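Novice: no sequence for this one, just the structure:
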């Protein structure tokens, strides 16, 4: 799980050692598939969009062209179907990129076919958001295992640069270095190496927070939850709106995987609320089905779910408690006074402000507790949360609060386990700041709204 990226000189050597001139994208009709394929066209002369039918692949190409609006997408792309074109496409591919649905059996069946046709030196990458890399290549040839890894883009890849790189136990280390160099230099990615653990780093930390928000919605209602855990807490999009955008089924797949395969200090936070399961049985899946926590009617009026009844009502009818402190915080953020805004948040009175602090404390605590498990240092978690989720990295929040001692006090008062890393920093006074990345402007995470 070494997090050390290749040096500039080493990256140049690696890029000269191997060519990627033909990429095959499997599942190219899906949003991640066509988005990833469009990204590859910016760096590779030939990209083949494959799907169950040629028509679906053509639809994926059309969506990619519309999304990226770059002439290279059309000029460097071909389309085909698995039945007619898989063998010829995979045989000549330097990189086979799998972007099928997040289902272990579906991916395994496809890799059975890929293994029949791939060259011994071709790279096979999966964009899985959290399935085990080692399990996906278990029982395959030595060549396949040595050339197989996870390359987890976040949607849409042409906008979100954070990318997780996950090696299997037998992945060739130099190949891992090459893929990192290629992704960073040719594709413009912010690369984070993670361990092969459920949901890796970003989704492990991020979806725990999202699921806690979904759990809270049963008690407080979605409108209040999204107001309390809104942009002023360091995120571009409110949590329940995020679940609607991602899709309830995808959310369920990620948190169920973590809940079943891990037993950490926040285990119950990853238990999917029962009302979501019940509503999914009725076809509620978020934006993809037109209804989730929220929906717009024909007159563009927003409606919100009542989790208890499963019914919807106009958001305009929801009466919220006095949350004036949020306006004070966002006004300070708009003026670039981030530390002052954070102090207003930490000092805010009332039950609702305490709930918001507990969610933020849980985010920081959970992230720091994952150091050594999902990434070697907090830097990897910081960068994937910042550049993958567009959330304020946990270290940025600690620094903006005033340092480890303030963060420890807030976490302890919230009744959340205090990470040993922060306890030690509070005792010693070092480091004075946790986040030190000159490429990332922390102002992007403190939006006014």
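Specialist: Right, received. Where do you want to start? These figures come from a predicted structure and were not determined experimentally.
Novice: can you give me the helices for the stretch 251-400 of the chain?
Specialist: Secondary structure of the stretch 251-400 of the chain (DSSP state H, counting those that start in this stretch): helices at 274-281, 324-334, 338-347, 351-369, 378-387, 394-401.
Novice: export those helices to a markdown table and tack on mean pLDDT, mean neighbour count and distance to residue 424?
Specialist: All C-beta atoms are positioned from the backbone trio N, CA, C, and that covers glycine. Listed next are the helices of the stretch 251-400 of the chain as a markdown table, based on pLDDT from 0 to 100; neighbours: other C-beta atoms under 10 Å; distance: least, C-beta to C-beta, whole Å:
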| stretch | mean pLDDT | mean neighbour count | distance to residue 424 |
| --- | --- | --- | --- |
| helix 274-281 | 97 | 15 | 38 |
| helix 324-334 | 95 | 18 | 29 |
| helix 338-347 | 97 | 18 | 22 |
| helix 351-369 | 98 | 21 | 11 |
| helix 378-387 | 97 | 25 | 13 |
| helix 394-401 | 98 | 25 | 13 |
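Novice: quick check: which of these is nearest to residue 412?
Specialist: Closest approach to residue 412 among those (C-beta to C-beta): helix 351-369, 8.5 Å.
Novice: may I have the beta-bridge partners of residue 50?
Specialist: residue 26, residue 80 (DSSP bridges).
Novice: I'd guessed it sits against residue 28; true?
Specialist: Yes. Contact criterion C-beta atoms under 8 Å: residue 50 and residue 28 qualify, at 5.7 Å.
Novice: on that earlier part again, take the helices of the stretch 251-400 of the chain and write them to a markdown table, including distance to residue 91.
Specialist: Converted to a markdown table, the helices of the stretch 251-400 of the chain look like this (distance: least, C-beta to C-beta, whole Å):
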| stretch | distance to residue 91 |
| --- | --- |
| helix 274-281 | 40 |
| helix 324-334 | 54 |
| helix 338-347 | 54 |
| helix 351-369 | 43 |
| helix 378-387 | 34 |
| helix 394-401 | 45 |
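Novice: between those helices, which one is closest to residue 139.
Specialist: The nearest among the helices of the stretch 251-400 of the chain, by C-beta to C-beta, is helix 378-387 at 29.7 Å.
Novice: distance from that closest one to the middle of the chain?
Specialist: Relative to its parent chain, helix 378-387 has a centroid offset of 11 Å by C-alpha atoms, centre = their mean, to the nearest Å.
Novice: before we move on, what about stretch 218-227?
Specialist: Centroid separation for stretch 218-227 versus its chain: 23 Å, with C-alpha atoms, centre = their mean.
Novice: least confident secondary structure element in the chain?
Specialist: helix 8-17 (a mean of 85; mean pLDDT, DSSP states H and E).
Novice: give me the residues contacting it.
Specialist: 5-6, 174, 177-178, 181-182, 184-186 (C-beta atoms under 8 Å, 6 or more residues apart in numbering).
Novice: now do the residue nearest to residue 237 when sequence neighbours are not counted against residue 396, distance only.
Specialist: Counting by C-beta to C-beta, 6 or more residues apart in numbering, residue 245 is the residue found nearest to residue 237 once chain neighbours are left out, at 7.1 Å. To residue 396, residue 245 is 23 Å away according to C-beta to C-beta, to the nearest Å.
Novice: then residue 321?
Specialist: Residue 321 is 28 Å from residue 396, where distance means C-beta to C-beta.
Novice: and what of residue 375?
Specialist: Taken as C-beta to C-beta, the span from residue 375 to residue 396 is 16 Å.
Novice: ranges for the strands of the stretch 51-200 of the chain?
Specialist: For the stretch 51-200 of the chain, strands defined by DSSP state E, counting those that start in this stretch occupy the ranges 77-81, 95-98, 123-126, 148-153, 162-167, 190-194.
Novice: ok, which of those strands comes nearest residue 113?
Specialist: Going by C-beta to C-beta, the one of the strands of the stretch 51-200 of the chain nearest residue 113 is strand 95-98, 10.2 Å.
Novice: partner strands of that closest one, with direction?
Specialist: strand 22-26 (parallel), strand 123-126 (parallel).
Novice: which residues sit against the longest one?
Specialist: The reference is to strand 22-26. In contact with strand 22-26 (C-beta under 8 Å, 6+ apart) are residues 33-34, 36-37, 40, 44-50, 82, 89-90, 92-100, 110, 114.
Novice: buried stuff in the following helix or strand past it?
Specialist: Counting by DSSP states H and E, the element after strand 22-26 in chain order, helix or strand, is helix 31-41. In terms of neighbour count (16 or more other C-beta atoms under 10 Å), helix 31-41 has its buried residues at 31-41.
Novice: again, but for stretch 230-239
Specialist: In stretch 230-239, counting by 16+ other C-beta under 10 Å, buried: 230-235, 237-239.
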